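Engineer: Coordinates for the following, if possible.
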Amino acid sequence: MSPLGPRRLCPERRNRNVRKPGHRRGYTLIEVALAVFLMGMAVLTFSALYPTAAKSSRMSGNYAQATSAVQHKIDQLRAVGYGRLSYSELRSAGVIDASPNAAPFRFEAVDGLAQDLPAPVGTISLTGAGTDVVAATVRLQWGAGSLKPMGGVHEVTVLIPNE
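Structural biologist: Numbers count the residues shown, from 1 in each chain. A predicted model of the protein is given here:
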């Protein structure tokens, strides 16, 4: 016992566990149903957007790989130079595949494009663009063309002068 006498609780503290009318503990069925509905909508939205995002990511990655491969091929053609733009010279430099031995030349196997792109077809076309200038068109197509949505084409033409 305390020196001031028995300790008494005020009525508000003594009855704090007593329920007052209109004050309920817990959640109602409507609140739970609304929460489940909102969570379901969030899951459905995520599951609908995820495949589209994954497909876009693959397409972007394929295009980046193709762009890099075409730029690499153009750099190789520039390094070979104007005077060596023949089948035998390009083949010995490791720029083109062994087959076909006439233009347009192919370069899928020599660069291992099948590891990075689905069904790649890389071609190099060489045409005269005036005296002492050759236009080299490097084209890389991947996928099955227009029927396959993951396909695409990247083509670049560069002039290689006789220096």
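
Engineer: contacts, neighbours, all on C-alpha from now
Structural biologist: Noted.

Engineer: Where does the prediction get shaky in this structure?
Structural biologist: Within the chain, the stretches falling below the threshold (pLDDT under 70) are 1-24, 144-150.

Engineer: Which residue lies nearest the spatial centre of it?
Structural biologist: By Cα atoms, centre = their mean, the chain has its centre lying nearest to Ser57, at 2.3 Å.

Engineer: got the contact list for that one?
Structural biologist: Contacts of Ser57 were listed using Cα atoms under 8 Å, 6 or more residues apart in numbering, and none were found.

Engineer: ok, so what distance separates it from Gln71?
Structural biologist: 21 Å (Cα to Cα, to the nearest Å).

Engineer: Also Thr45?
Structural biologist: Between Thr45 and Gln71 the computed distance is 39 Å (Cα to Cα).

Engineer: more neighbours, those two?
Structural biologist: Looking at Thr45 and Gln71 with other Cα atoms under 10 Å, you find the greater number of neighbours at Gln71, namely 15 against 11.

Engineer: Let me know the next secondary structure element after the helix or strand hosting that one.
Structural biologist: Secondary structure from DSSP states H and E places Gln71 in helix 29-80. Moving toward the C-terminus from helix 29-80, the first helix or strand encountered (DSSP H and E) is helix 87-92.

Engineer: Could you pull out the buried residues of that next one?
Structural biologist: Of all the residues in helix 87-92, those buried under the rule 16 or more other Cα atoms under 10 Å are Tyr87, Leu90, Arg91.

Engineer: Was I right to think the last one contacts Asn101?
Structural biologist: No: the pair Arg91 and Asn101 does not pass the contact test of Cα atoms under 8 Å, sitting 9.1 Å apart.

Engineer: and Arg106, how many neighbours does it have?
Structural biologist: A count of neighbours around Arg106, defined by other Cα under 10 Å, yields 23.

Engineer: wait, it sits on Val95?
Structural biologist: No: with contact defined as Cα under 8 Å, Arg106 and Val95 do not form a contacting pair (9.0 Å).
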